[in-house]
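In: model this:
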Amino acid sequence: MRVSQFFCLGLLCLVRGSVAVAVKSRAPPPFNDSRYHWSPKTTISIKGSPEFFNATERWDIYMAPTYSVAISPATETDVVTAVKAAQEHGLPLLATGGRHGFSTTLAHVKGGVAIDLSQLNSISINKHASTLTIGGGVHFGEVFDPVYKAGFQVPTGTASCPGMTGVTIGGGIGHLNGLNGLVLDSLVSARIVTANGTLLKVSETSNSDLFWAIRGAGHNFGVITSATYQLHPLYKGGVWTSVDLILPLEKNVSYFEAVAKLLPLPAELTVQTMVIYNTSASQTQIRASLLYAGPKKDGLKAMTPILNLGPFLFKSVSTIPWNKLASDSMFQIDDAICARGGISDVYGFNLKAFDVPTMSSSLKKMADFYDTHPNARGSIILLESWSNEAVTAVPDDAAAYPWRDVTTYGLLQFRWGSLGDTVETAANAMGRELRSDFAATSGYGNLTVYVNYAAGDESLESIYGANKLPRLAKLKAQYDPNNVFRFYHALPTSYP
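Out: This is a model prediction of the structure:
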């Protein structure tokens, strides 16, 4: 174990990395207690140290959790110890992989214990079994190359920075939804530390009830220390056609009509639409990122209804391999969107119907917002239209995830420069208004939202689905009756 901090007592300074009595006396109990046999590589760091910052730095600083201590376990056993010790002393705990979650419910962690899984970073591919096994701290960007080089693909998110297991247990949406389903649909098994400190293997044949629950509501049931995924052969050799477009506002109705006519998308095609403010051009624009799993000839044909809207303000056509989708598609903004320490005030929604008048009116409202609040011009509307062909092929009762018929996932992301800016009030008002507009014409009759995109003010039914909640609540009462894992869209222990 290494306790990280720098203390000076009179003329004696204890340098970072020491485990002297004076350091122990300053660390929150019981983590320095000799009865805990931490691995030598496990790090316990205190607020103010570089190690603490590295273990807790977040992608989003808006409504963020706060911690008094961070534990970076080097082993599964130390994850068990951390979970038990935090509870013994009444300290809230939160385990993180990519630290990319943005729900406002995370702000309820105050002075807690951060369990940083970054040292659980193993990656193993079994080519014979066509499986990938990863540690709980592995990010998507770390699996792209080894999986591709082994001749496989696996569903992931669109960015390289989120933690793979954290995304998985909420669902996991991305370019392969049409071909291979949600990320959680490829999950074969996982190892999880539950609230009482038990390490369990979950799969279809082992603790299958818990395996059902973690696939869609997993943040409520424990800490995933490792996960095994089914790999899929590279589709059409792993070749993808990528087209990036920028359209002026006057083409918005024609563009939205073209997207609507394409839905539901064929399995190979994805369409991401962004409403953004281009500071260089001083105008609101539509950016479209189109991807097709296959050669350029086939891809451009599938994209014809949108490509026929040209000429465009910008157009880029390229062929890229599957392992470079995050870095080389969508205007190559992966590095920018993965930058840590910014503000992201987020509202999500699901669409089963793609209502063109709602799209157009929302764009107009966002353009007016940019004009009125120039300090929030980094805000965007993101519409992710994925094929749901393979997603809907999985029976609805196979996992806790409730929204398999979604054709477009929406995300309203409001960004501004610093905490405390008065634009926050206007941003939240606009977020709620636009979310309500989209929900009204979504095809669901009310708001539904992908849990990983939920803001935190939605109803339980909007997030988890009324039909899934009775079983989820029963399992919550069984595996976490004291609600230890309550900081990410908490489930009740009874429903209704």
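In: which strand or helix spans the spatially most central residue of the chain?
Out: Geometric centre of the chain, nearest residue: residue 167, 4.5 Å, by C-alpha atoms, centre = their mean. Applying DSSP states H and E as the criterion places residue 167 in helix 164-168.
In: hmm, who's touching whatever helix or strand comes next after that helix?
Out: Counting by DSSP H and E, the next helix or strand C-terminal to helix 164-168 is helix 177-180. Under the contact criterion C-beta atoms under 8 Å, 6 or more residues apart in numbering, helix 177-180 has outside partners 153-155, 186, 232, 235, 265-270, 293, 386-391. To be clear about C-beta, it is placed using only N, CA and C from the backbone, and glycine gets the same treatment.
In: just checking, what packs against the helix holding residue 167?
Out: Applying 3 or more C-beta pairs under 8 Å, 6 or more residues apart in numbering; DSSP states H and E, one finds that helix 164-168 contacts strand 223-230.
In: can you give the strand pairings for the strand it packs on, parallel or anti for each?
Out: Strand 223-230 pairs in its sheet with strand 131-135 (antiparallel), strand 187-193 (antiparallel), by DSSP bridges.
In: what about the first one, distance to the chain center?
Out: On the basis of C-alpha atoms, centre = their mean, to the nearest Å, strand 131-135 sits 18 Å off its chain's mean C-alpha point.
In: who's in contact with residue 63?
Out: For residue 63, the contact set (C-beta under 8 Å, 6+ apart) comprises 104, 106, 107, 345, 456.
In: what's the most distant pair in those residues?
Out: Farthest-apart pair in the contacts of residue 63 is 106 and 345; separation 13.0 Å (C-beta to C-beta).
In: give me the distance between the residue nearest to residue 465 when sequence neighbours are not counted and residue 473.
Out: Nearest non-adjacent residue to residue 465, counting by C-beta to C-beta, 6 or more residues apart in numbering: residue 402, 3.0 Å away. Between residue 402 and residue 473 the distance is 14 Å, computed by C-beta to C-beta, to the nearest Å.
In: between those two, which one's more packed in?
Out: Neighbours per residue (other C-beta atoms under 10 Å) separate residue 402 from residue 473, with residue 402 holding more: 25 against 19.
In: roughly how far does that one sit from residue 128?
Out: Remark: distance between residue 402 and residue 128 (C-beta to C-beta) = 35 Å.
In: where along the stretch 1-150 of the chain do the helices fall?
Out: Remark: helices assigned in the stretch 1-150 of the chain by DSSP state H, counting those that start in this stretch are 21-26, 50-56, 76-88, 144-149.
In: return the most buried member of those helices.
Out: helix 76-88 (a mean of 21; mean count of other C-beta atoms under 10 Å).
In: just to revisit the earlier point, distance between the helix holding residue 167 and the chain's centre?
Out: Here the centre of helix 164-168 is set off from its chain's centre by 7 Å, with C-alpha atoms, centre = their mean.
In: re the thing from before, right, and out of the contacts of residue 63, which lies closest to residue 124?
Out: In terms of C-beta to C-beta, no member of these lies closer to residue 124 than residue 106, at 30.5 Å.
In: count of neighbours near that closest one?
Out: 22.
In: pLDDT wise, what is the closest residue to it other than its chain neighbours at?
Out: Closest residue to residue 106 apart from its sequence neighbours, by C-beta to C-beta, 6+ apart: residue 65 at 4.7 Å. Model confidence at residue 65, given as pLDDT, is 98.
In: re the thing from before, and the contacts of residue 63, which are buried?
Out: Among these, the ones that count as buried by 16 or more other C-beta atoms under 10 Å are 104, 106, 345, 456.
In: take those and write them to TSV, including distance to residue 117.
Out: Shown next, in TSV, are these (distance: C-beta to C-beta, whole Å):
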residue	distance to residue 117
104	22
106	16
345	26
456	22
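In: Serialize the residues you listed to a markdown table and add fields for distance to residue 146 and pLDDT.
Out: Below are these laid out as a markdown table (distance: C-beta to C-beta, whole Å; pLDDT from 0 to 100):
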| residue | distance to residue 146 | pLDDT |
| --- | --- | --- |
| 104 | 35 | 98 |
| 106 | 31 | 98 |
| 345 | 35 | 98 |
| 456 | 35 | 98 |
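In: for the helices of the stretch 1-150 of the chain, please prepare a markdown table with the additional fields distance to residue 486 and mean pLDDT.
Out: Formatted as a markdown table, the helices of the stretch 1-150 of the chain follow (distance: least, C-beta to C-beta, whole Å; pLDDT from 0 to 100):
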| stretch | distance to residue 486 | mean pLDDT |
| --- | --- | --- |
| helix 21-26 | 29 | 31 |
| helix 50-56 | 19 | 96 |
| helix 76-88 | 12 | 96 |
| helix 144-149 | 33 | 98 |
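In: quick one, which of the ones you listed is nearest to residue 465?
Out: Proximity to residue 465 (C-beta to C-beta) singles out helix 76-88 among the helices of the stretch 1-150 of the chain, at 28.3 Å.
In: what does that closest one rub up against?
Out: Contacts for helix 76-88 (C-beta under 8 Å, 6+ apart): 30-31, 36-39, 42, 71, 73, 92-93, 95, 112-113, 115, 117, 120, 136, 191, 193, 195, 197-199, 223, 225-226, 482, 484.
In: re earlier: for residue 307, find the nearest of the strands paired with strand 223-230.
Out: Of all the strands paired with strand 223-230, strand 131-135 comes closest under C-beta to C-beta, at 35.2 Å.
In: need the contact partners of that closest one.
Out: 117, 119-126, 143, 147, 152, 154, 164-165, 188, 225-231.
In: so for it, mean pLDDT?
Out: 98.
In: could you give the angle of it to helix 76-88?
Out: 50 degrees (axes from the mean of the first three to the mean of the last three C-alpha atoms, to 10 degrees).
In: redo the strands paired with strand 223-230 as JSON lines? Include distance to residue 257 and mean neighbour count.
Out: Listed next are these as JSON lines, based on distance: least, C-beta to C-beta, whole Å; neighbours: other C-beta atoms under 10 Å:
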{"stretch": "strand 131-135", "distance to residue 257": "40", "mean neighbour count": "22"}
{"stretch": "strand 187-193", "distance to residue 257": "37", "mean neighbour count": "23"}
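In: re the thing from before, would you turn the helices of the stretch 1-150 of the chain into JSON lines with distance to residue 379?
Out: Output for the helices of the stretch 1-150 of the chain, formatted as JSON lines (distance: least, C-beta to C-beta, whole Å):
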{"stretch": "helix 21-26", "distance to residue 379": "42"}
{"stretch": "helix 50-56", "distance to residue 379": "26"}
{"stretch": "helix 76-88", "distance to residue 379": "36"}
{"stretch": "helix 144-149", "distance to residue 379": "29"}
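In: which one of these lies closest to residue 413?
Out: Taking C-beta to C-beta, helix 50-56 is the member of the helices of the stretch 1-150 of the chain nearest to residue 413, at 22.2 Å.
In: can you show me the CA trace of that closest one as CSV?
Out: C-alpha atoms of helix 50-56 as CSV (Å, rounded to 0.1, in the frame of the first residue of the first chain):
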residue,chain,number,x,y,z
PRO,A,50,-1.1,14.4,-7.3
GLU,A,51,-2.1,10.8,-6.9
PHE,A,52,-5.5,11.8,-5.6
PHE,A,53,-6.0,14.1,-8.6
ASN,A,54,-5.1,11.4,-11.0
ALA,A,55,-7.5,9.0,-9.3
THR,A,56,-10.5,11.4,-9.3
